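*Asks:* predicted model follows, preceded by the sequence.
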Amino acid sequence: MVSHQLMLRAGLIRRLAAGIYTWTTLGLRTLRKVEAIIREEMDRAGALEVLMPAVQPAELWQESGRWDQYGPELLRLKDRHQRDFVIGPTHEEVITDLARRELKSYRQLPANFYQIQVKFRDEIRPRFGVMRGREFIMKDAYSFHATPESLQEGYDAMRAAYIRMFERMGLEFRPVKADTGSIGGTASEEFQVLADSGEDAIAVSDGPDQYAANLELAPTLPTTAPRAAPSAPLAKVATPGQRTIADVAAFLGVPASRTLKLLMVEGDQGGVVALLVRGDHELNAIKAQKLPGVASPLRMAAREAVLEATGCEPGYLGPLGLSCPVYADHAALALADFVCGANEVDMHLSGVNWGRDLPEPAPADLRNVVEGDPSPGGDGRLVIRRGIEVGHIFQLGRKYSEAMQASVLDESGKPVTMYMGCYGIGVTRIVAAAIEQNHDAAGICWPEPLAPFAVVLVPLNAAKAPRVAEAAERLYAELTAAGIETLLDDRDARPGVKFADAELIGIPHRIVVSERGLDAGRLEYRNRRATANEDWPADEVVTRLRALVAAGAAR
RNA sequence: CGGGAUGUAGCUCAGCCUGGUAGAGCACUACGUUCGGGACGUAGGAGUCGGAGGUUCAAAUCCUCUCAUCCCGACCA
């Protein structure tokens, strides 16, 4: 992960323990810039800032049910009286408790509370530095509404605020439709910063419909073209030792897209369920576990269960003669004259056709979309990109307010359970994501709104040339007085060292002060993203920088 | 949690197989030279060899346990 290496090399962070980092001055300054933009936009959107405790009593989590639902990711601890506490991985419980105590009337709604706070999630395997750390800073906001319509309005307002924030930060991002996961709720969108190194795959339409969704959520459309008529006879062929789709396809000389893959998963009442996808397609676990009869979360069936249901080892499974429930992906149902397992070791079937050789199973959307699939938005083709999730907004509905009895009195004096929205931003992760998107071979190239300093002053050979040191100090004082955040590299180091470090830490504007320049009444300017220097009249430096910095901040 | 690997100077690592004086490069300190793209010379400081126990005359090296870290996987608002 490039961003992590650069953050360490540039001295933005230092590791203390696995997934736990100290933010040093340079990194902290950028972190504060991110926070400031978030704070301004949240305030502008009418949200109220609060600060909730990191340590929370277990009772609230027992009330919501998440004390039992959450696994080892929830860091639990006991105080000296042996009472249970958690270090908050999120704050739905605490905010809902606050809301039910403070909000009594529909006339107080809608309300939106947010905080910028440290969270802790005991990740199984922390990695990529602050991108997936255990301790991290998050902005989390929670809105409360009397009606679903009001929730929708609040959600839309947050969505707009998020777009403003990420644009102000100079990030290339996409809002994408998302799965609500274990947090529950209905509508949900993620904000993904586009980066090849991102952990999430997202499907984006190349057409005018603007469709974008997390890969795990993007639906495939049923094939509209009529299926080809059977032309080959059903035949059993020996395929000794050919267990995988790739092996079988190569062995029989057919493309993987003409084969059928059978995946046996556990049923929700025990037993197994057969899922069929085209050989070259991937099963989508999120979609599969939502099917009636399929266990959630999705679990692959054990070898013994497969043997019991089919009398055959995995590797040669096929849909003919199965007695368990069967679902087939739309694309699998579009096949004709295809190859599949014969439910007999070392044997496959070829020339198989739905209807003629076996009954058609229940159709379903089972697979991940692939590049080139038609966009669910209706006007375009899907392209697969990778992204870093930096924000996620949810319409939670009444999941927590119901469990924790958070209600207000409506106009007729009757209690109504509040509707909730929740809106998260990974603050620390944004810093890493920004670097992931803005770097070159020499180091970080900060977007100006996030740069720890706007200007770096590099005096050359100042130790031996007092007038260089004096000129640099004077310029530093002038720039600082002009409100420009300036870093003065007054180290007694060689020029190459200073240039390399200035580039590594990614300060947008650089001014070199040298004897040569002073003699000519000129100073040298260079933008971090430029490859050549500019020669500036010394007396115009402050004015010019002020204009450049103002332009950078106004984006 | 499953699989794999690594813990020796601030950092990166060699030494371990075959037990016997703890090393290199970078970094650091002092002095001198140098000074527009990661300088050079001389001198110097620096290590409970992750921890505990064991074998042995003798353990960084062999054995046992333990802790930590990293990689792959499962996991993941």
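*Replies:* The structure has been received and is ready for your questions. Quantities reported herein were computed from a predicted structural model and do not represent experimental measurements.

*Asks:* quick check, A:I384 in contact with A:S205.
*Replies:* No. Between A:I384 and A:S205 there is no contact under Cβ atoms under 8 Å: 11.3 Å. From N, CA and C alone the C-beta is placed, and that goes for glycine too.

*Asks:* can you give me the strands for the stretch 401-550 of chain A?
*Replies:* With strands called from DSSP state E, counting those that start in this stretch, the stretch 401-550 of chain A shows them at A:407-409, A:415-417, A:419-426, A:439-440, A:443-444, A:455-459, A:486-488, A:509-513, A:522-527, A:534-537.

*Asks:* give me the buried positions along the helix or strand of chain A with the lowest mean pLDDT.
*Replies:* Within chain A, confidence by mean pLDDT, DSSP states H and E is lowest for helix A:303-310 among all helices and strands, at a mean of 82. For helix A:303-310, the buried set under the neighbour-count rule, 16 or more other Cβ atoms under 10 Å, comprises A:A305, A:V306, A:A309, A:T310.

*Asks:* how about stretch A:513-521?
*Replies:* Neighbour-count burial for stretch A:513-521 flags A:V513, A:S514, A:E515, A:G517, A:L518 (criterion: 16+ other Cβ under 10 Å).

*Asks:* just checking: which of those also lie near RNA strand B?
*Replies:* Contacts with RNA strand B are made by A:S514, A:G517 out of these, judged by Cβ under 7 Å from any atom of the strand.

*Asks:* ok, A:E448 - contacts?
*Replies:* The contact partners of A:E448, by Cβ atoms under 8 Å, 6 or more residues apart in numbering, come to A:G170, A:A454, A:P508, A:V549, A:G552, A:A553, A:R555.

*Asks:* could you do A:H330 as well?
*Replies:* Counting by Cβ under 8 Å, 6+ apart, A:H330 makes contact with A:T220, A:L221, A:P222, A:T223, A:P363, A:A364, A:D365.

*Asks:* what does the stretch 351-500 of chain A put close to RNA strand B?
*Replies:* Checking the stretch 351-500 of chain A against RNA strand B by Cβ under 7 Å from any atom of the strand, the hits are A:392, A:422, A:424, A:442, A:460-461, A:463-464, A:494-497, A:499-500.

*Asks:* save those as a markdown table, and put in pLDDT and neighbour count too.
*Replies:* Below are those laid out as a markdown table (pLDDT from 0 to 100; neighbours: other Cβ atoms under 10 Å):
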| residue | pLDDT | neighbour count |
| --- | --- | --- |
| A:H392 | 92 | 21 |
| A:C422 | 93 | 24 |
| A:G424 | 94 | 23 |
| A:A442 | 92 | 13 |
| A:L460 | 95 | 20 |
| A:N461 | 92 | 14 |
| A:A463 | 87 | 12 |
| A:K464 | 89 | 9 |
| A:R494 | 93 | 11 |
| A:P495 | 94 | 13 |
| A:G496 | 93 | 8 |
| A:V497 | 94 | 11 |
| A:F499 | 95 | 19 |
| A:A500 | 94 | 14 |
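
*Asks:* which of these fall in helices?
*Replies:* The helices, defined by DSSP state H, take in A:P495, A:G496, A:V497, A:F499, A:A500 from these.

*Asks:* turn those into a markdown table, including distance to A:R100.
*Replies:* Shown next, in a markdown table, are these (distance: Cβ to Cβ, whole Å):
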| residue | distance to A:R100 |
| --- | --- |
| A:P495 | 63 |
| A:G496 | 62 |
| A:V497 | 59 |
| A:F499 | 58 |
| A:A500 | 56 |
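
*Asks:* and which of the contacts of A:E448 is nearest to A:S143?
*Replies:* A:S143 lies nearest to A:G170 out of the contacts of A:E448, by Cβ to Cβ, at 27.2 Å.

*Asks:* now do the contacts for the residue nearest to that closest one when sequence neighbours are not counted.
*Replies:* Nearest residue to A:G170, sequence neighbours excluded (Cβ to Cβ, 6 or more residues apart in numbering): A:P447, at 2.9 Å. Residues in contact with A:P447 (Cβ under 8 Å, 6+ apart) are A:M169, A:G170, A:L171, A:A434, A:N438.

*Asks:* out of those residues, who's the most crowded?
*Replies:* Neighbour tally across the contacts of A:P447 (other Cβ atoms under 10 Å): the maximum, 29 neighbours, falls on A:A434.

*Asks:* now do that one against A:G506, distance only.
*Replies:* Using Cβ to Cβ, to the nearest Å, A:A434 is found at 10 Å from A:G506.

*Asks:* any residues in contact with both of these two?
*Replies:* Taking Cβ under 8 Å, 6+ apart as the contact rule, A:A434 and A:G506 both touch A:W446.

*Asks:* can you give me the neighbour number for the residue of the stretch 201-350 of chain A found nearest RNA strand B?
*Replies:* Nearest residue of the stretch 201-350 of chain A to RNA strand B (Cβ to the nearest atom of the strand) works out as A:P297 at 5.9 Å. Counted with other Cβ under 10 Å, the neighbours of A:P297 add up to 11.
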